[in-house]
Each structure stands twice: as C-alpha cells, then as structure tokens.
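Asks: fold the following.
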Amino acid sequence: MRTLALVGPAGAGKTTLAEALLHRAGAIAQPGSVEKGNTVSDHDALERRMLHSLQSSLLHFETAEGLRVHLIDTPGSPDFTGQALPALEAVETAIVVIDAQRGIEMMAQRMMDAARERGRDCAIVINKIDAPGLNLPLLLEQIQATFGKECLPLNLPNQGGVQDCFFNASGPSDFGSVEAAHRALVEQVVEVDAAFVDRYLNDGDVPASELHEPLEQALREGHLIPVLFTAAKSGVGIPELLSVIDKLLPNPLEANPPAFERSEGDATELVRVKADPAEHVIAHVFQVRANPFLGKMGLLRVHQGTLTKNMQLFVGHGRKPVRVGHLFALQGKTQVPIDKAVPGDLCAVAKLDELHPDAVLHDAAEDEHLHLAPLQVPTPVHGLALAPTRHGDEQRLWDVMHRLVEEDPCLKLEQSAQTHETLVYGLGELHLRMLMERLKETFKFEVKTQPPRIAYRETVSSPAEGHHRHKKQTGGAGQFGEVYLRIEALARGAGIEFVDAVKGGVIPGQYMPAVEKGVREACALGVVAGYPLVDLKVTVYDGKHHSVDSKEIAFVTAAKKAVQIAVREARPVVLEPMVNVEVQTPEAFVGDVSGDLASHRGQVTGTRAAVPGQLVVQGVAPLAELATFQTRLNALTSGQARYTLAFSHYDPVPPSTQAQLASSYKLKEDEE
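Replies: Numbering: from 1, shown residues only. Alright, predicted model coming up:
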C-alpha cells in the first residue's frame, strides 16, 4: 500500500498526472481532461468552470501486481492552501509537482516546507517536459539551489521518454550522464548506513536492489528527495513513475510515524501508533465535507486497527459512541462502499454530526485524549461581512456557513459583537468568492456582502490603571460592583492574559468569573476604533462589593468600563495585518513592481530567480494597501505577473490612519 499527495502550484498538471496514473493502472478507460471538464478529481461544477482544483480529491487504484495506491489531488492556488495542507496529515509521501515551463513557484516551496515540517517523505515530479524551448538541466540546478543538494534525479529525459538512473548504472540520456546520476544516488543513499559506506568504498558500488532499507531511511530523514520527469498529458514517464511508487516509495510501516500526542491537563506525551490491523482502532479525520444530502462527511486516515461498517466508535473524548453506518472509499465524487479499512487506508464516513476536523476516532478509553500535533496553517486576513437577502434567515446563514467553514482550516467565521454582522475571513479574494459561489450553488442560499474588511486589532503601548464603580438603584434590589485594574502590553501574539490579584475578599471569589467576563468582553469590542484588543495583560487588584446589591452583571459592567478607561490612558495603538508578498514577474518589470510596493507603504526584502527571464520580488506590505494590487500589477506588467500573500505579523498603523479609524468609530457610536 502507498499513500501519496500531489501538491504544488496551480497549473503544474497535478490533476492531469492523477488521471494518467489512474489510466495506467487500469482504474479508468481513458484519462480525462481539465479543459474538457471530465476528470475524476475535478468533479465539482465550480472546478470545471474555473478549470482548476478548488478542494482536495481522494482517488485510489490497484495495479495488476497487487499494489494499492491512495492518492490525494490537492488544489494549487495559494487561496486554497487550507484544502491542500490537511492532505499531508493523511499520507506517507508528498509529491511536489513542478511545471517545467514555469519553474519553481511559491506554492511548490510552501508545500515542500510544510511536508518537511510534518516529517513526510518528499519527491519532486517535473511535469510537461515535452514543452518546447525548455532548459531542464538549468531547472534541475535551480531545484537543488532552492530545496537542497539532496534533490537528485531518479530518472532523466531520453529521446521522448525517460531513463532510470537508480537501477541502471549506465545508458543514454538527453542531458547529464546516467552513470554520474546513478553514482550520486548510491553515494547519497549509503551515507545513512556505515556498513554500506564501507561496502561502497571497498567494492566501488552497491547493487541498487540491496539498497531498499537505507533508501527508506534516507527518504525518512530527508537525506534524499527523488526528482522524476514526466509529461502527464502524453503519458511520458508515467510507467516509470508508477514503478518508483511501487519499488521505492514507503509503505505505512516504512515512513515516519504520525505525530500523535496524548494530552491530559498540562502534561503531553508522544504516542507511537502501530500500523497493525489487529490492534484497537485509531483513525484521524483530516478533512470534513459539507454535503446537503449526506450531511457531514468525514475523510479519514486509518492509522491503527481495522475499521468496519457498523462499528461503534468514540469521537475524541466524547462519552457517547457513534455507529459507522456508511463506510466507503472515494473515487472523486463516486462513493465506493467498503466493508472495512485497515492501517494506511483513506476512506470516508457520512451522516455523523459529531465529526469535526482533526477528530480522532477510537474504540479504547485510553485514546480519548489522543490527537495529532497541530497543523500550522496561514492566518486568514481577508474579511467579508455577510447578510441574508431574506429577513429571518440569519440563523440559517450562520449554520450553513459553519458547515462550509469546517471544510477549510484557513477560513474563520465569527459574529461581530459590535455590529452584529456575520464575518468570514479567508486567504484572499478568490478564496472568499468561491466560498460565496458554493453557498449559492450547493446550498441555494443568497447573501448580500459588504466590501472586504481589514482585520485591524488594538493594543496599548504603556501601562495604565482603570477604575469603575457600577451602582444602580431601582425600586427593589440594586446593582453594585467596583473594580480596580491595571493593564500592560504583552509581546505580539500573546493574546489576553487575565490575572486575579485581589486580596482580602474585597471581590468575593464567586464574582471573579464575572469580572473576567467583563474584561474579555471589553477586549473583544475594542476601545479606540472598535477592533478587538490583543496582547494585553489585565490585572485586577482591588474592588468592592455589597452584601445585598452585588450581582454578576454589576461586576461584568464595572470590569468592562474599567478596561475602557485604562486603555484610553495607556496610549492605545491600532494594529494592521502585514503580509509577506511574493510577485513573480518578467525581469523587465522588477523596478516597476518594487516601486509600486514602496509607494504603498511596502518594503522590498529581496529577489530570487524563478525561471529564465523571470524573478520573484519578495517584500512585506500592509494588507490594507493591497486591495487593488492585482489591478495595479496587470497595468504595470501587461498581465504577466502573479503574486501570493501570507500573513506575517501586526504593526501599528500610521497616526493619520488611526485618527481616521477612531473618528469613524466615534461617529458610528454617536449615531447609535
């Protein structure tokens, strides 16, 4: 068994490569075409209209030799990184697909970094090698310069086909020496095992057929990243790639084990699961799909034990078991019913509302606190305010959006306490536009949207103290609560820290949760411009209560007002999201692109080579200045430049911007 994820930039040919592998293995009669909209993996109507993948698709096939392969075809647009990254949780090997014409693009580097961070075995496929005017030796040099000298070719182009370099010690090739490539591979592999090093030094060579174990070790340690050549559309290199998958890539027992942890309280321990079908069940939900007909569908990787239809399982630390009534393998949109799944299998279960992304399904009490180490995903910073077109549909909008947002860890849904708007945040304009299209097409829900909102935040730059006494007397019992607190700034990303330093019972213990609630409500609402407060330590050190009139609501109100008073005295600062920008552009336009970034408060940090004639301009810029960046780029480069954004950090806005945001907020407050 092999489990693979095809990752890399949009347009590199991942879907076409998947079709070619399915066809070669006999799973489909003819390979489909992205342009014709008849591929197995791009089965969604939106994907066929857009001509590229928008979500990960599960595929599988078996070869005549008995090899079972699970394949995940992932989207390559940076906006859909949240669909691609979870695939790395479910596979042994990440295959980074690179377009031979376009060279190394940002998503290739991003997905390679993520795969290495998760301990996945990695391989590189250079696709479209039949395109005219290529310089493949130069591209291989660029790959080694970018990803490391451990990127070595397992095969080389040869007269319209490819020539193996691992099992063959000599032979013809269009570029480079097969003998030299073979020697480099063997030397790289034997380095991980001292016994093989001695044999190599003494005998001059070691037969490749004897190098399976050190090869797997080299792949696990990232000491070798195989490079392979294909032209998926014409089928060149596909039989050889399938042979490499069979003979050289790891099975579930040979790859690095999944990073499971058991957490109880503050203690966390690493747990080694066994790819043994006889053990108790451990399966991980790496993605959830919202299906209006099947309800919630969970995509699973079985890590241990045997999952069977109608089995009773627990979801995480849930106390009530759920029954697996529907178990199937996915072939794109086709659901293939199966009776069981063993370690290494990727499968799906449906109609289980208890499922959620990252859930662990198990049948043993000892595994209730088991989870995988958290996946690092980009921070969503592009926002959109939503409202249903029909009055009274607000709750349904929230419910449907929650189902869609569960599919993608790079989407975030929240309700604004200040404006009572439903807000959704994503990685870019395309990300949110496709989300709205799915809402309309799949769930038949019409919404009104406001222009994207920038996710500003507020903090303070100096310590201050706040005090408020809330006293309200009515005909009956009154309300009384008094709070003294101090605030100070924390490091970026530290969040809100609440400290109870009250002594002598001046605020009884039963009211401290209400005080904390008031503090956190004030932080969520913001003070200066109506944006959430972050990176703040709030210490409550004194107060008063009344034996009759004190109530929780009084302390909530007093704490909220005290925070607002303190923040206004603490030199408040509005923060804006800064993003890393990478622009791939023809060399002739590098100066224009750099100048545009600089004129919009951006900073160019460097450039790097992409493909001959093109450079990648790297920089940092405020997200607020990039709303029209694509339009500006199109005008500057005649539509030849592409860019990606990734959240970097928060920085203070210029004083003029802060004054404008604060005055707009005050005007809104006055109107209310």
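Asks: going by C-alpha atoms from here, please, whenever you check contacts or count neighbours.
Replies: Fine.
Asks: span of stretch 407-425 from start to end?
Replies: For stretch 407-425, the first and last residues are 14 Å from each other (Cα to Cα, to the nearest Å).
Asks: excluding chain neighbours, give the residue nearest to residue 526 in space.
Replies: Leaving aside its sequence neighbours, residue 526 sits nearest to residue 532 (Cα to Cα, 6 or more residues apart in numbering; 4.6 Å).
Asks: and the gap between that neighbour and residue 293?
Replies: Residue 532 is 38 Å from residue 293, by Cα to Cα.
Asks: who has more neighbours, the two?
Replies: Neighbour totals were compared for residue 532 and residue 293, and residue 532 leads with 22 against 7 (other Cα atoms under 10 Å).
Asks: contact partners for the nearest residue to residue 264 once chain neighbours are set aside?
Replies: In space, residue 264 comes closest to residue 369 once its chain neighbours are excluded; the distance is 6.6 Å by Cα to Cα, 6+ apart. Taking Cα atoms under 8 Å, 6 or more residues apart in numbering as the contact definition, residue 369 lies against 262-264, 316-317.
Asks: CSV for the residues you listed, including secondary structure and pLDDT?
Replies: Output for the contacts of residue 369, formatted as CSV (DSSP: H, G, I helix; E, B strand; the rest coil; pLDDT from 0 to 100):
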residue, secondary structure, pLDDT
262, strand, 88
263, strand, 83
264, strand, 78
316, coil, 86
317, coil, 81
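Asks: identify the farthest-apart pair in these.
Replies: The widest separation within those, taken as Cα to Cα, falls between 264 and 316 and amounts to 12.6 Å.
Asks: between those two, point out the one with more neighbours.
Replies: Neighbour comparison, residue 264 and residue 316: the larger count goes to residue 316, with 22 against 11 (by other Cα under 10 Å).
Asks: from what I can see that one touches residue 368, true?
Replies: Yes: contact status for residue 316 versus residue 368: in contact at 5.1 Å, counting by Cα atoms under 8 Å.
Asks: what's the overlap in contacts for the two?
Replies: Shared contacts of residue 316 and residue 368, defined by Cα under 8 Å, 6+ apart, comprise residue 362.
Asks: mind listing the strands for the stretch 51-200 of the chain?
Replies: Counting by DSSP state E, counting those that start in this stretch, residue ranges of the strands within the stretch 51-200 of the chain are 57-62, 68-73, 93-99, 121-127, 151-153, 155-158, 161-164.
Asks: what of the stretch 501-650 of the chain?
Replies: With DSSP E, counting those that start in this stretch as the definition, the stretch 501-650 of the chain shows strands at residue ranges 536-544, 572-586, 603-609, 614-622, 642-652.
Asks: quick one: closest of those strands to residue 423.
Replies: strand 572-586 (16.8 Å).
Asks: neighbours of residue 472, how many?
Replies: Residues near residue 472, counting by other Cα under 10 Å, number 12.
Asks: residue 648 contacts residue 579, doesn't it?
Replies: Yes: with contact defined as Cα under 8 Å, residue 648 counts as touching residue 579 (4.8 Å).
Asks: higher neighbour count, those two?
Replies: Taking residue 648 and residue 579 together and counting by other Cα under 10 Å, residue 579 has the greater number of neighbours (23 against 16).
Asks: what pairs with the more buried one across the strands?
Replies: Residue 579 has the following beta-bridge partners by DSSP bridges: residue 621, residue 647.
Asks: OK, contacts around it?
Replies: Remark: with contacts taken as Cα under 8 Å, 6+ apart, residue 579 is in contact with 620-623, 645-649.
Asks: can you report phi and psi for residue 437?
Replies: phi -60, psi -40 (degrees, to the nearest 10).
Asks: give me the pLDDT value at it.
Replies: According to the predicted model, the pLDDT of residue 437 comes to 88.
Asks: could you do residue 612 as well?
Replies: As predicted, residue 612 sits at a pLDDT of 68.
Asks: so residue 336 touches residue 348, yeah?
Replies: No: Residue 336 lies out of contact with residue 348 (Cα under 8 Å); the separation is 9.6 Å.
Asks: what is in contact with the two at once?
Replies: By Cα under 8 Å, 6+ apart, residue 336 and residue 348 have these common neighbours: 328-330.
Asks: with secondary structure added, can I get those in TSV?
Replies: Supplementary listing: the shared contacts of residue 336 and residue 348 in TSV, determined by DSSP: H, G, I helix; E, B strand; the rest coil:
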residue	secondary structure
328	strand
329	strand
330	strand
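Asks: export those residues as TSV, with columns for pLDDT, neighbour count and distance to residue 123.
Replies: Compiled in TSV, the shared contacts of residue 336 and residue 348 are given as follows (pLDDT from 0 to 100; neighbours: other Cα atoms under 10 Å; distance: Cα to Cα, whole Å):
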residue	pLDDT	neighbour count	distance to residue 123
328	93	20	29
329	94	24	25
330	93	20	24
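Asks: that older thread, farthest-separated two in the contacts of residue 579?
Replies: The most widely separated members of the contacts of residue 579 are 645 and 649, with 12.2 Å between them, by Cα to Cα.
Asks: those two: which has the busier surroundings?
Replies: Counting neighbours by other Cα under 10 Å for residue 645 and for residue 649 shows that residue 645 has the greater number, 23 against 16.
Asks: find the nearest non-adjacent residue to that one, please.
Replies: Of all residues beyond its chain neighbours, the one nearest residue 645 is residue 581 (4.9 Å), with distances taken as Cα to Cα, 6+ apart.
Asks: just checking, the one you found touches residue 648?
Replies: No: with contact defined as Cα under 8 Å, residue 581 and residue 648 do not form a contacting pair (9.4 Å).
Asks: pull up the overlap in contacts between those two.
Replies: With contacts defined as Cα under 8 Å, 6+ apart, the residues shared by residue 581 and residue 648 are residue 620.
Asks: where's the residue lying closest to residue 254 once chain neighbours are set aside, which helix or strand?
Replies: Spatially, and ignoring its direct neighbours in sequence, residue 254 is nearest to residue 216 (6.7 Å; Cα to Cα, 6+ apart). In this structure, residue 216 is located in helix 212-220 according to DSSP states H and E.
Asks: ok, then the element right after that helix?
Replies: Using DSSP H and E, the next helix or strand after helix 212-220 towards the C-terminus is strand 225-229.
Asks: residue contacts, the closest residue to residue 228 other than its chain neighbours?
Replies: Spatial nearest neighbour of residue 228, chain neighbours left out: residue 125 (4.8 Å); criterion: Cα to Cα, 6+ apart. With contact set as Cα under 8 Å, 6+ apart, residue 125 has these partners: 95-98, 227-230.
Asks: quickly list what residue 103 is bridged to.
Replies: Taking DSSP bridges, one obtains residue 99 as the residues bridged to residue 103.
Asks: burial of it, as a residue count?
Replies: Residue crowding around residue 103 was assessed by other Cα under 10 Å; the count is 23.
Asks: doesn't residue 139 make contact with it?
Replies: Yes: with contacts counted by Cα under 8 Å, residue 103 reaches residue 139, the gap being 6.7 Å.
Asks: residues in contact with the helix or strand residue 661 falls within?
Replies: Using DSSP H and E, residue 661 maps to helix 655-671. If you take Cα under 8 Å, 6+ apart as the criterion, helix 655-671 is touched by 528-530, 573-574.
Asks: now for residue 537: which residues touch it?
Replies: Each residue near residue 537 by Cα under 8 Å, 6+ apart is listed here: 487-490, 496-499.
Asks: only whichever of the residues you listed are buried, select them in ChimeraX.
Replies: Here the buried members of the contacts of residue 537 are turned into a ChimeraX selection, burial being counted by 16 or more other Cα atoms under 10 Å:
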select :487,488,489,490,496,497,498
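Asks: would a markdown table of the contacts of residue 537 with distance to residue 239 and secondary structure be doable?
Replies: Below are the contacts of residue 537 laid out as a markdown table (distance: Cα to Cα, whole Å; DSSP: H, G, I helix; E, B strand; the rest coil):
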| residue | distance to residue 239 | secondary structure |
| --- | --- | --- |
| 487 | 65 | strand |
| 488 | 63 | strand |
| 489 | 60 | strand |
| 490 | 57 | coil |
| 496 | 56 | strand |
| 497 | 58 | strand |
| 498 | 61 | strand |
| 499 | 63 | strand |
